[in-house]
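J.: what's the 3D shape of this:
(one chain, ligands or ions: 1)
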Amino acid sequence: MRLIIQPNYDAISRWTAHYIARRIQEFNPTADQPFVLGLPTGSSPLGVYRELIRIHKEGRLSFAHVVTFNMDEYLGLDAQHPQSYHRFMWDNFFSHIDIDERNVHILNGMAADPAKECADYEAAIKASGGIELFLGGVGVDGHLAFNEPGSSLSSRTRDKELTLDTRLVNARFFNGEVSQVPVAALTVGIGTVLDAREVVVIASGHNKARALHAAIEDGINHMWPISALQMHQRAIIVCDDAATDELKVGTVRYFMEIEKANRLPG
Ligand code: GLP
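T.: Just a heads-up that it's a prediction; the model follows:
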């Protein structure tokens, strides 16, 4: 596990976007061998999307041969719903880059047969050659995608009831009305995320500090799904200073020392 500590949200966004851009450029994707990118929604990745759009508009990065798979979607919201993750992704990212619509995959929250939708999604990921890099955020309770506390750490794409905590946090997108927040979602599993060849998770702000502590300093525990990253050979968490509030001083120093010696991108 690498832990990249940045001063603030903007710095996290820049670091992560440049890291992803570099991975795509080095991969040199083609129509026959596209770069397969897993993507999240939420507040955390917004800055990364803004920065990737900027790099694209400067002519330094193309998404023509990038295939995407989103992490999750609310069950019962159609693609046009203002709070659907379909809308989020098109409004905040896809509409601003040169991605081919046919290369975008997002779970259908209105699927007549959700179990089939999820099985087909897993099959589509497999058929694409597997995910090269999965970008994620983390919930205040340590959830990854919509894998709530208690999720199986080897789970696959499926439907998942949302906890009251998650619905309360996400009520801010539904006029503050928790009753408007869907009670369930379709989500890739922890196993699906761990199958990616690389996983990069962003954690910003003091409210993510407990999740970061569980991810880094405690053992693997299904009550903190993010801790499953400890089993991944290429996992990176990119956080800001505020998110390190619950880490030991020694832990912070240790990871900063490693990165000093390890100056990859920035
Ligand atoms: C949401 C999403 C997650 C996201 C998390 C944190 O419920 N399903 O994919 O990582 O919660 O959201 P935010 O980045 O807004 O803090």
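
J.: The chain: helices as residue ranges?
T.: According to DSSP state H, the chain carries its helices in the segments 9-27, 46-57, 85-92, 114-127, 164-170, 190-194, 209-216, 249-261.

J.: between those, which one is nearest to the ligand?
T.: Across those, the ligand has its closest neighbour in helix 164-170 (5.4 Å, CB to the nearest ligand atom). No exception for glycine: its C-beta is placed from N, CA and C like everyone else's.

J.: Output that closest one as PDB, nothing but the C-alphas.
T.: The C-alpha trace of helix 164-170 is given here as PDB (Å, rounded to 0.1, in the frame of the first residue of the first chain):
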ATOM      1  CA  LEU A 164     -29.000   4.800   7.300                       C
ATOM      2  CA  ASP A 165     -25.600   6.400   7.800                       C
ATOM      3  CA  THR A 166     -24.900   6.400   4.100                       C
ATOM      4  CA  ARG A 167     -28.400   7.700   3.200                       C
ATOM      5  CA  LEU A 168     -28.100  10.500   5.800                       C
ATOM      6  CA  VAL A 169     -24.700  11.500   4.300                       C
ATOM      7  CA  ASN A 170     -26.100  11.400   0.700                       C
END
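
J.: What average pLDDT does it get?
T.: In this model, helix 164-170 has a mean pLDDT of 94.

J.: re earlier: redo the helices of the chain as TSV? Include mean neighbour count.
T.: What follows is the helices of the chain, written out as TSV (neighbours: other CB atoms under 10 Å):
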stretch	mean neighbour count
helix 9-27	19
helix 46-57	19
helix 85-92	19
helix 114-127	16
helix 164-170	16
helix 190-194	22
helix 209-216	22
helix 249-261	12
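
J.: Just put the ones you listed in CSV and tack on distance to the ligand.
T.: Putting the helices of the chain into CSV (distance: least, CB to the nearest ligand atom, whole Å) gives the following:
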stretch, distance to the ligand
helix 9-27, 11
helix 46-57, 8
helix 85-92, 8
helix 114-127, 15
helix 164-170, 5
helix 190-194, 10
helix 209-216, 9
helix 249-261, 21
